[in-house]
Structures are given as C-alpha cells and as structure tokens.
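> sharing a model that was predicted from the sequence below.
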Amino acid sequence: MASPCGARLTVSLPRRASRPARNCSAPTRTSPPSRATHRCGCAQSETRRPLLADHPHPSSIAGGPYDGTTFSYIPGPTLNIDPSLTLHREWTDKIDPITYEVIRHNLWNINEELGMTIQRISGSPVAMYAFDLNSSIFTEDGEFIYYGPYQLYMSGVSDVQVKWTLEHRSKNPGIHADDMFLSNDPWVGAAHQMDVTLLTPVFHEGKLFCWITNVLHQYDV
C-alpha cells in the first residue's frame, strides 16, 4: 500500500498455523445404536451410552386413546357431547360491515380487559411482570374466537380443555349456566400443573353460546 510520502510499503502477515488433528473421545449423538464414531474420524470406537430418544415415552408417539396416565387427550374431528346439552348453532352471514366491525372490536376489547383484570386483582408478579397468563373466548364447541396478547401457548391448549369438558362433563355432572370448571391436568392441555385454567360456559336463551377461559401460572400448587 502507498504511504503519505508516496513510497510503497509491503506488509507481510504471519501465516496461521494449521490446527492439529484432534483425537477426541466424545461420541456423536447421531451414531449407531451399538458403536460410536468419533468426530475426528479416527478408527477408535466405543459403545455409547443409551439416549433418551432410544426409549421415548408412549405419549410422544402414536398410541392408544386417552387414559389420563399414559396417553394425553387429543380431541377428534367430532366431539361426543351428551344430547342433554343444547348448543347454540344458529348463525347468519347477513350483517353489514359496520355492525360486524363494531362487534368484532367489542369482543376483542372484552377479552383484553379480562386479562388486565386478572393482572390487577391477582397482585402477582407472575401476572404483572411476566405476563404468564391468557384469556380466550371460544365457540360453543371449543373453537377459537379470540385470545389475549399474553402467553399464546396457554390459549393454544385451552381449546383442548374446553373440548375435554364437553365430552367428559356434559353428562355427569352436566354443564349449566353459572358453572365454572377448574383444570390443570397436563394430560388434558396444561403445560404443567402450575398452569391453572378456569373455564366458564356462557348460555343464551337456554343454549350453550360460548366459553370464556382464563389461564394463570400459580406459584405453589
């Protein structure tokens, strides 16, 4: 390169020494079940320790129906709901755009205010600062309408709990107005037992109209 006075300078940098081959002793995780090949490619091999993936839990693979101890609850395409519970199935697509937007935003605000109310009345740092909660609104058969801007996975499993309640509580003891159901079962949607969900059915003219759910992480269970 050129210097300020016009003379040309040549700079030579020392070459970096090549790294010697490493004769490691740690087997790779992708090695065959019986023998392990070392990362350095040497001929040395040894029997590797069994990995957890070699013996997966039955619930992590396709298996039998929900039993509450081995296989978790997975709702099917059609729910088995007792006929004594009447669902609100009426609907219409004849609604003007302005009314649609008013209803849509009102439902969003109602659901978000529900989450803020939980924060205010709980006084828990889990709710106030960690936002480890969520509120949701579901249809009468457990399909999403709205979920809050908090922990999304909590709402993502609340529909499973609603559908389980419809299938397993619609006959005994039944689902009625002013009922509330409490759930923290890891085999039915909950991430762990500290995530407690409150499920409330809402009735209109004697028919199950929708569900309101709240989820909040509890310090101690």
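It's in.
> list the contacts of the residue nearest the centre of the chain.
Nearest to the mean C-alpha position of the chain, by CA atoms, centre = their mean, lies residue 153 at 3.1 Å. By CB atoms under 8 Å, 6 or more residues apart in numbering, the contact list for residue 153 reads residue 191. C-beta coordinates here come from the backbone N, C-alpha and C atoms, glycine included.
> then the helix or strand hosting it to PDB, C-alphas only?
In this assignment (DSSP states H and E), residue 153 forms part of helix 152-169. What follows is helix 152-169, C-alpha atoms only, in PDB (Å, rounded to 0.1, in the frame of the first residue of the first chain):
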ATOM      1  CA  LEU A 152     -50.000 -17.600  23.500                       C
ATOM      2  CA  TYR A 153     -49.400 -21.300  24.200                       C
ATOM      3  CA  MET A 154     -51.800 -21.000  27.100                       C
ATOM      4  CA  SER A 155     -54.600 -20.200  24.800                       C
ATOM      5  CA  GLY A 156     -53.300 -22.700  22.300                       C
ATOM      6  CA  VAL A 157     -54.200 -25.500  24.700                       C
ATOM      7  CA  SER A 158     -57.300 -24.000  26.300                       C
ATOM      8  CA  ASP A 159     -59.500 -25.300  23.400                       C
ATOM      9  CA  VAL A 160     -58.300 -28.900  24.300                       C
ATOM     10  CA  GLN A 161     -59.600 -28.300  27.900                       C
ATOM     11  CA  VAL A 162     -62.900 -27.000  26.700                       C
ATOM     12  CA  LYS A 163     -63.400 -29.900  24.400                       C
ATOM     13  CA  TRP A 164     -62.500 -32.400  27.100                       C
ATOM     14  CA  THR A 165     -65.000 -30.800  29.400                       C
ATOM     15  CA  LEU A 166     -67.700 -31.000  26.700                       C
ATOM     16  CA  GLU A 167     -67.000 -34.700  26.200                       C
ATOM     17  CA  HIS A 168     -66.500 -35.800  29.800                       C
ATOM     18  CA  ARG A 169     -68.700 -33.400  31.800                       C
END
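> pLDDT averaged over it - what is it?
Throughout helix 152-169, pLDDT has a mean value of 91.
> show me which residues of it are buried.
154-155, 157-167, 169 (16 or more other CB atoms under 10 Å).
> between the residues you listed, which is nearest residue 81?
Using CB to CB, residue 166 comes nearest to residue 81 of these, at 5.1 Å.
> residue contacts, that closest one?
By CB under 8 Å, 6+ apart, the contact list for residue 166 reads 79, 81, 85, 141, 142, 175.
> for the third one, which residues are in contact?
In other words, residue 85. 166, 170, 174, 175, 208.
> and the second one, how close does it get to residue 146?
The gap separating residue 170 from residue 146 is 23 Å, by CB to CB, to the nearest Å.
> and if you look at residue 157?
Plainly put, residue 157 is 16 Å away from residue 146 if you go by CB to CB.
> cheers, nothing more for now.
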